[in-house]
Every structure is written in structure tokens, then in C-alpha cells.
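1. following is a predicted model, sequence given first.
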Amino acid sequence: MTIPFRDTITVRKGEELNREVLEKFIHESIEDAPPGDLEIEQFGAGQSNLTYLVRIGEWEAVLRRPPHGPVAQKAHDMGREYTILSNLHPLFPTAPKPYIYSDDTSIIGSPFFIMERRKGIVLDKEFPAHVPYQPELGKQISEIMVDKLVELHQVDYMKTELLKISRPDGFMERQVGGWIKRYENAKTEEVPGVNELTLWMQKNIPVSPKPTIIQYDYKLNNAMFSEDFREMAGLFDWEMATIGDPLADVGVALCYWADVADFKELRNELGNGAITAKEGFFTREDFLERYAKKSGRDVSNIHFYVTFSYFKLAVISQQIYFRYYKGQTNDERFSRMNQTAANLIEFALLSTRGL
């Protein structure tokens, strides 16, 4: 017997939605929503935007909103993510279909959008208890992860309107400068090696290949798999997607993709690293080799992109900690994110030295 895999929790205290007002909005705005009472649960794994399951009878959808409190400039833009999904879903169906966006803060207290509900298995820190793991499964999942990234990078962005919200020219230069500035804005303490790292990145920006659509947060726990793990049933968290350097996307994927050769501290910081380090999963080298073969791209400068991705992840961790430090969230999961940021900066420095 298959044991149902539960991916939602009771809504966390302080993150509740106004059920009555939201129910009225859904009934008035989404044609497919049936009459009936609204039920709300929360997806518990995320550490940035807040994501909820909204249900009326058998009908289900997903609502995304920014975190509570002040947020970094240009971050958590629900309208932008809705636009990305609206353009991308018809060409890349693995991205969920969005239903509606609203910037009316009287409904739930912030802008938000509602999209279709996908069902399947999301792998975070371990496999569900009902899934018997074999090394062949790790290889199968690894191949899907690489092939789906190649597929995304093959989507013709000229068939979308994403150029209206993207600037592919000078992408990496802006990224390096922008993320350094974000770090400075969220800094709460001095961390050894930051200046050395940022100078290295500024001096070593490579020439980018032809731009593509990039997801820019491509990792295992943003993907959903079918119950038999033969296909990717959904890919989520499109907040940072844009048209840019495809190798930046690969760098992010490799940054999150821990393998068996990694030291314990790095695997711990990568969260789902314990999964990709299992026997059967690709090593980073395997991942990169398959991507290069399938995409035909030169990956000889990937060293820079992985280093930058560690730094980018450090900045995101520091931004999350900054909200906790300023009392804008009481979520205890965030109380040590400054140490996570410092560790990732250390890993980035080791990466610049080829370690």
C-alpha cells in the first residue's frame, strides 16, 4: 500500500491569511473554483516567500506571497513571478500555470498570486519513508535534473515577452555588482575574506555565451517528481528567473548539488546535500559533463560561476538573517543564518583557490 506523502503543515503562527476575505476573492476571480468553504494549509519547507495550499472541496491551488516585514529592494516581486509563469508555462509546461495576480493588499496584507496545484514528490532532506531507495533511482533523478535544465535553456525567449523585464546584455557584470551591494545592505557583522572574495569575482567575470531563459534557483527541492520518479512533474520558485547567462544557472545547480566527496560542513549548509551525496547520484563532475554534452556549451569557465553562486547563496542567507536580526520575523529557523552566510563565504573562497 502506498502511504500518502504529506507536504503541507498547519499554518504557522503569525503567517495566517484572512480566510473570509480570500475566499470571497477566489470565488469572484477564479472561474474554476467551485462554491464552498475555503481551507488553508501551508507548505513548510520554504525559507523565503510564503506558500500556501488553498482548497475548496476537491479543487486545489497554490498561493504565494512575500515574507512578512520589509524585504530587500526588487526581491519577492509576486507580479514579476506571475508574469514569468504566464509567459513560460505555454512553452515549458513543467512550470505551473498561474491563475491570477493581485496587488490589493487589503486581501491578505501583501501582493500575491495563485497558481495551479501540482502533485508529486519533492525531495528535501530525505526520501519519503514509502520510497525504497536504490542507486539506480539516484542516477535516474540526476539525469532528469540535467536534462530538464538543458530543455529550459532551449526555450526560445523571443516567443515570450520576458525581454520586457530582463536585460541580458552585461548580465554577469550587473549580477556581481548587484549581489555585492545586496550583501553590504544586509551586513550585520564583519566576516573574514569578504573583500578578497568580492575583488576576485569582479576581476574574473568571464565572457558569457548566448543568453537563454534561466530559472536561477535550480535545485532539487524546487523540483517535483512523479510518484515513479520517471519525470519532473513541476518546477517551482521562479522569482529570480530572467534572460541571462545559462552557465549562471548551471553554477547555481552545482552549488546546491553536494556529492560524496564534499566535507561534512558543506553538505550540512546545502540542506538537501545528504540526498545528492547518496550512492547512485551524479557527482558534480557527472552533472557538468552531461550538461555540456546535451547543451553543446563550453563549460571551461564553470569555476567562476560556482564561486559566484556560493556568494549569491550567502547573500540570500544573510538577507534572511537580517530580517530576523531586525525583529521582522520571529522564525527561529533563521536565528543562525548569519553563520550559514559566513560558512558559504568561506566555501566560495575555497572555490576561488580551486579547493
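-> Okay, I see it. Residues are numbered from 1 along each chain as shown.
2. quick one: residues contacting the nearest residue to Asp32 once chain neighbours are set aside.
-> Closest residue to Asp32 apart from its sequence neighbours, by CB to CB, 6 or more residues apart in numbering: Trp59 at 6.7 Å. (C-beta placed from N, C-alpha, C; glycine too.) Listed by CB atoms under 8 Å, 6 or more residues apart in numbering, the contact set of Trp59 reads 32-34.
3. can you check Val315 too?
-> Counting by CB under 8 Å, 6+ apart, the residues that Val315 touches are 179, 182-183, 186, 341.
4. before we move on, the earlier item: possible to save the contacts of Trp59 as CSV with neighbour count, pLDDT and distance to Glu161?
-> Converted to CSV, these look like this (neighbours: other CB atoms under 10 Å; pLDDT from 0 to 100; distance: CB to CB, whole Å):
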residue, neighbour count, pLDDT, distance to Glu161
Asp32, 9, 92, 25
Ala33, 21, 95, 27
Pro34, 10, 96, 32
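5. got a markdown table for those residues, with secondary structure and distance to Val21 too?
-> Converted to a markdown table, the contacts of Trp59 look like this (DSSP: H, G, I helix; E, B strand; the rest coil; distance: CB to CB, whole Å):
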| residue | secondary structure | distance to Val21 |
| --- | --- | --- |
| Asp32 | coil | 20 |
| Ala33 | coil | 15 |
| Pro34 | coil | 19 |
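6. distance to Glu190 added to the residues you listed, as CSV?
-> As requested, the contacts of Trp59 are exported to CSV (distance: CB to CB, whole Å):
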residue, distance to Glu190
Asp32, 53
Ala33, 51
Pro34, 56
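7. tell me which of those is nearest to Thr105?
-> Checking the contacts of Trp59 against Thr105 by CB to CB gives Ala33 as the nearest, at 21.3 Å.
8. got phi/psi on the closest one?
-> Phi and psi for Ala33, reported as degrees, to the nearest 10, are phi -70, psi 130.
9. element containing the nearest residue to it once chain neighbours are set aside?
-> Spatial nearest neighbour of Ala33, chain neighbours left out: Ile26 (5.0 Å); criterion: CB to CB, 6+ apart. Assessed by DSSP states H and E, Ile26 sits inside helix 19-29.
10. then Arg64?
-> Residue-wise, Arg64 maps onto strand 59-65 under DSSP H and E.
11. and that strand, what's buried?
-> Neighbour-count burial for strand 59-65, with 16 or more other CB atoms under 10 Å as criterion, is recorded at 60-65.
12. ok, it: who's next to it in the sheet?
-> Neighbouring strands of strand 59-65 in its sheet, by DSSP bridges, are strand 50-56 (antiparallel), strand 112-116 (antiparallel).
13. export the ones you listed to a markdown table and tack on mean pLDDT?
-> Listed next are those as a markdown table, based on pLDDT from 0 to 100:
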| stretch | mean pLDDT |
| --- | --- |
| strand 50-56 | 96 |
| strand 112-116 | 98 |
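14. ok, so of the contacts of Trp59, who is nearest Ile320?
-> Ala33 (32.8 Å).
15. what is the least confident helix or strand in this structure?
-> helix 264-269 (a mean of 59; mean pLDDT, DSSP states H and E).
16. next secondary structure after that helix?
-> helix 273-276.
17. which strands and helices lie in contact with that following helix?
-> Using 3 or more CB pairs under 8 Å, 6 or more residues apart in numbering; DSSP states H and E as the contact test, the elements touching helix 273-276 are helix 264-269.
18. against Trp257, how distant is Ile275?
-> For Ile275, the distance to Trp257 equals 10 Å [CB to CB, to the nearest Å].
19. with neighbour numbers in mind, choose between those two.
-> Per other CB atoms under 10 Å, whichever of Ile275 and Trp257 has more neighbours is Trp257, with 29 against 22.
20. how far away is the closest residue to Leu53 other than its chain neighbours from Asp245?
-> Nearest residue to Leu53 in three dimensions, chain neighbours excluded: Glu41, at 4.5 Å (CB to CB, 6+ apart). Distance of Glu41 to Asp245, computed by CB to CB: 37 Å.
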